[in-house]
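Peer 1: The amino acid sequence is not available; the structure is as follows:
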C-alpha cells in the first residue's frame, strides 16, 4: 500500500495526512499549559498513566479487529522515551517526524491510515489526529472510534493541564 503524504497545516507545525477537507476523520484539540512542554515530554506524561478503561478498550478492539485481519496493537505501554527519531516506534505508532515543535506518529494498514501530531507552540499544546479510510471496514471502525477518540483526547489534555498546574512539593536536602 502506498503511504499517504504528509500535509502541514498553514501557519502551524501541525501535520496531517492531507488537507482536512479530504480526510475521513479530523480532530484537533489544544490546551494552554502552565509552561511550555516539548511534544515528546507531553507524550511521555500522557502515556505514563493511561486513562481508566483504556486497557480493556484495546483488548476489545484487538479481539474484534483481528477477525478482519487487523494487526493487534495491545494499547499503550507507558514506557517513556528519552529520544525518538524518524523510523522509531512509540508503542504501535511509527515516528514520522520529531522536532521541538512537533511529534508526528502514524499507524497504517489496509483499512486505514492514522496520523497523530502532538505540537507545541509556547505553552499551547495540541493533539491533532487525521484518518484516511480505505474500505468499508475502515469506515465502520471509525464510526465508534472517532467519537471515543475525541473524548479521550479531551480527557488526556485536561488531565495534563491539571498535572502541570499542581505545585510540586519541594524537598529539603
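Peer 2: Everything's here; your move. In this text the structure is predicted, and so the values were computed from the model without any measurement.
Peer 1: Centre-most residue in this structure?
Peer 2: residue 116 (4.2 Å; CA atoms, centre = their mean).
Peer 1: does that one really touch residue 93, like I thought?
Peer 2: Yes - counting by CB atoms under 8 Å, residue 116 touches residue 93, with 7.0 Å between them. Yep, even glycine has a C-beta here, placed from its N, CA and C like the rest.
Peer 1: Quickly list what's touching both of these two.
Peer 2: 105, 106 (CB atoms under 8 Å, 6 or more residues apart in numbering).
Peer 1: need the strands for the chain, in chain order.
Peer 2: 7-8, 15-16, 25-32, 89-90, 93-98, 102-108, 112-121, 124-133 (DSSP state E).
Peer 1: In contact with residue 67: list those residues for me.
Peer 2: Contacts of residue 67 (CB under 8 Å, 6+ apart): none.
Peer 1: For the closest residue in space to residue 142 that isn't next to it in sequence, give the beta-bridge partners.
Peer 2: Leaving aside its sequence neighbours, residue 142 sits nearest to residue 25 (CB to CB, 6 or more residues apart in numbering; 5.4 Å). Beta-bridge pairing of residue 25 under DSSP bridges involves residue 131.
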